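Q: make a model of this:
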Amino acid sequence: MCENSPAPVLVTGSTGFIGSHLVELLVARGARVRCLVRRKSSLAYLPADRIELAYGDLVSGEGLPEALEGVRAVYHIAGVTKATAVERFYTGNVKATENLLAAIEAAQHKPARLVHVSSLAAVGPSADGVPLTEDARPHPLTHYGISKLEGERIVRNSAFANRTVIVRPPVVYGPRDTDVYLIFRSASRGVALRIGSEESYFTYIYVEDLARMLVAAATVEPAAGRTYFAGNAEPASWGQFNSEVAKLAEHKIHTVSVPPFAAHTLAFLSEVSSRLRGSQSILSREKVREARCRYWVANTSRAERELSFQTETSLENGIAKTFAWYKKSGWLS
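A: Take a look at the predicted model:
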C-alpha cells in the first residue's frame with residue numbers, strides 16, 4: 001500500500017483533533033484523502049482544497065457505502081470521549097463501529113486495511129506502576145473505556161479482523177486539543193490541581209507522532225490483525241507536565257490537592273450544569289475515577305519492534321510547541 005497510490009484512503013473523525021492532524025500528514029505525503037463528514041461539520045482544520053468530502057453519518061449508517069467506494073484503507077478515528085448521557089458513549093463508540101464494519105463487509109471492493117483507534121482506557125490503569133502490555137486483561141473503569149473495549153471486540157469478531165490494526169493511544173496532546181488544554185490553561189497561571197496527595201504517572205504521545213504511527217499501522221504488512229499501544233517509551237508525571245507548562249508561562253507551579261470526595265462533588269455539579277446547558281464538560285465523575293488512579297502507563301515496545309515506530313517528540317518539545325500554538329491562537333493570554 002504505497003502512499004502515492006491513486007486509490008483514496010477514508011478518514012472518519014477527520015474534523016477532530018487527531019483526525020485533522022492525520023489528514024494533514026496524509027496529504028503532505030501525497031495520498032488521496034476522503035473525509036467522512038456531516039453536512040454541518042466545521043472544516044476549519046482541514047485542507048479543504050486538497051481532500052475529498054464524503055457526507056454521511058456513522059450512527060445512522062447514512063452515506064457509508066458511497067464513502068467506502070474504491071478506498072484502499074480506512075482510518076476509523078471518530079468516537080465519543082465525553083458525553084452528557086451515558087448512551088452517547090455506546091452509540092458513538094459501539095454502534096458507529098458496528099455500522100462501519102457492516103458497510104465494509106458489504107462493500108464489493110473491500111479496503112486492504114482498517115486502522116481502528118481505540119484507547120488505553122479500554123484496558124484500564126496499571127495497579128502497580130508496571131506498564132501494561134497489549135496482552136493485559138482489560139479492566140476499563142468508565143463507560144468511555146467500556147464502550148471503546150466493546151468497539152475493539154466488534155472489530156476482532158468481524159470477518160475483517162485479519163485486515164484490522166487496533167491502536168490504543170494514551171494521553172494525546174498537541175495543537176487544537178481542547179481537553180489537555182484545560183491543564184495547560186491552569187498550569188500557565190501557576191496552578192495545578194491534584195486529586196488526593198499522591199503523584200500520578202501517565203503514558204503520553206504528541207499528536208503528530210500519533211499520526212505517523214497510524215500511517216505505519218496502515219502500511220506495515222505484518223501489522224494486520226495486531227493491537228498496539230501508542231506513546232513515548234518513558235511515562236511522565238503530571239507534576240512534571242504542569243511544571244513544564246508553568247515554566248513557559250514564567251510562573252512557579254503551585255499544586256493544590258483536592259480531596260476525592262470534594263472532587264466527586266464538583267464533578268457531579270459540573271455534570272448537572274452541563275445537562276442544563278446542553279453542553280459537554282471534561283469534568284465528570286468518571287474522569288475523577290480515572291484521575292484517582294496513579295498509573296495510566298503502557299508498554300509501547302511492540303510498536304517499536306513490529307512497526308519500526310518511535311516517537312520523535314520529547315515531552316519538553318511537545319509542550320513547547322503546543323504552548324506556542326495556544327498562545328498564537330489566543331487560547332492562552
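
Q: mind listing what Leu22 touches?
A: Leu22 makes contacts with Val11, Ser14, Tyr75, Ile77, Ala211, Leu214, Val215, as judged by C-beta atoms under 8 Å, 6 or more residues apart in numbering. (C-beta placed from N, C-alpha, C; glycine too.)

Q: between those, which is closest to Ser237?
A: Ala211 (25.3 Å; C-beta to C-beta).

Q: tell me how far Arg38 lies from Leu58.
A: For Arg38, the distance to Leu58 equals 10 Å [C-beta to C-beta, to the nearest Å].

Q: between the two, which is the more surrounded one?
A: Each of Arg38 and Leu58 has its neighbours counted (other C-beta atoms under 10 Å); Leu58 has more, 26 against 13.

Q: wait, is that one part of a helix?
A: No. With DSSP: H, G, I helix; E, B strand; the rest coil as the criterion, Leu58 is located in coil rather than a helix.

Q: ok, it - contacts?
A: Contacts of Leu58 (C-beta under 8 Å, 6+ apart): Thr12, Leu36, Leu64, Ala78, Gly92, Lys95, Ala96, Thr97, Asn99, Leu100.

Q: now do 6 Å
A: Listed by C-beta atoms under 6 Å, 6 or more residues apart in numbering, the contact partners of Leu58 are Ala78, Ala96, Asn99, Leu100.

Q: likewise for Gly56?
A: Leu36, Glu62, Gly63, Leu64, Ala67.

Q: what is the neighbour count of the nearest residue to Ser329 once chain neighbours are set aside?
A: In this structure, Ser329 finds its nearest non-sequential neighbour in Pro175, 7.8 Å apart by C-beta to C-beta, 6 or more residues apart in numbering. Pro175 has 21 neighbours, counted by other C-beta under 10 Å.

Q: do a quick rundown of the helices in the stretch 101-250 of the chain.
A: Using DSSP state H, counting those that start in this stretch, the helices of the stretch 101-250 of the chain run over residues 143-156, 180-187, 207-219, 238-248.

Q: next, the buried residues of the second one.
A: Going back to what we said before, that points to helix 180-187. For helix 180-187, the neighbour count (16 or more other C-beta atoms under 10 Å) marks Val180, Tyr181, Ile183, Phe184, Arg185, Ser186, Ala187 as buried.

Q: check the third one too.
A: Residues of helix 207-219 classed as buried under the neighbour-count rule (16+ other C-beta under 10 Å) are 207-219.

Q: of these, closest to Thr142?
A: Leu210 (21.2 Å).

Q: who touches the closest one in this structure?
A: Contacts of Leu210 by C-beta under 6 Å, 6+ apart are Pro169, Val172, Ala230.

Q: measure Ala96 to Gly56 for me?
A: On the measure of C-beta to C-beta, Ala96 and Gly56 end up 11 Å apart.

Q: same check, this time on Ala85
A: 23 Å.

Q: give me the distance between Ser237 and Ala106.
A: 47 Å.

Q: repeat for Ala262
A: 51 Å.
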